[in-house]
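Engineer: give me the fold of what follows.
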Amino acid sequence: MTKLKSKDQAVKGHNPETKFILRIFGSLLVALSGFILFIDKVTKGFHLENNFGYDDTETFIWVISQTLSPLILIAASVFKPYKTSYLIPIYIYAIQLYWVFDSSALLDNGYLHIYATGFCLSFLLLSYIVFKINSLKNKRKIENENFQKDVTETIELLKKDILTKTE
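Structural biologist: Next up, the predicted model:
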């Protein structure tokens, strides 16, 4: 029975090596979803004949990358990527947000990277706080359920004790 059970688990895809490779692939997709946002910077000087109504090719490519990035991120989530890989698109989205308000900012601007790093650290801190709050809520819920179970058992014991004494 043990051999059969372990064979069934292997068939179901619980192979640790496969799981690791899929998580790495998902993490790479997450990173790609962030890096794709810079494709308009790489393709400067590249011009298309048809910009589909946009003023220039760079804007057209930027809009496409803004559309594809979240789609790649969603697809990557299927592979259960490592959570730390999400810092890459968060970092790059922070830079993109900065550029929305100051389009003249250069990528090699030191303050830009300090801002993006601070944004990521703030995001990590906020995630940690939310995780801790949820774990405390779950712990309290489990304690309440155990208390209710103990109270119910105590009441049942008292009922049995009373019934046996009255007989």
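
Engineer: low-scoring stretches of this structure, by residue?
Structural biologist: 1-14, 107, 167 (pLDDT under 70).

Engineer: just the helices in it please.
Structural biologist: Here the chain has its helices, by DSSP state H, at 2-11, 16-35, 39-42, 57-77, 87-101, 110-166.

Engineer: turn the ones you listed into TSV, columns for distance to L48 and mean neighbour count.
Structural biologist: C-beta: built from backbone N, CA, C; applies to glycine. Shown next, in TSV, are the helices of the chain (distance: least, C-beta to C-beta, whole Å; neighbours: other C-beta atoms under 10 Å):
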stretch	distance to L48	mean neighbour count
helix 2-11	49	9
helix 16-35	21	16
helix 39-42	12	15
helix 57-77	5	16
helix 87-101	22	17
helix 110-166	29	11
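
Engineer: would you reformat the ones you listed as a markdown table and include distance to E49?
Structural biologist: Shown next, in a markdown table, are the helices of the chain (distance: least, C-beta to C-beta, whole Å):
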| stretch | distance to E49 |
| --- | --- |
| helix 2-11 | 53 |
| helix 16-35 | 27 |
| helix 39-42 | 18 |
| helix 57-77 | 9 |
| helix 87-101 | 27 |
| helix 110-166 | 34 |
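
Engineer: who wins for proximity to N50 among the ones you listed?
Structural biologist: For N50, the closest of the helices of the chain is helix 57-77, at 8.9 Å, according to C-beta to C-beta.

Engineer: got the angle for the closest one vs helix 87-101?
Structural biologist: 150 degrees (axes from the mean of the first three to the mean of the last three C-alpha atoms, to 10 degrees).

Engineer: before I go, just wanted to say thanks for your time.
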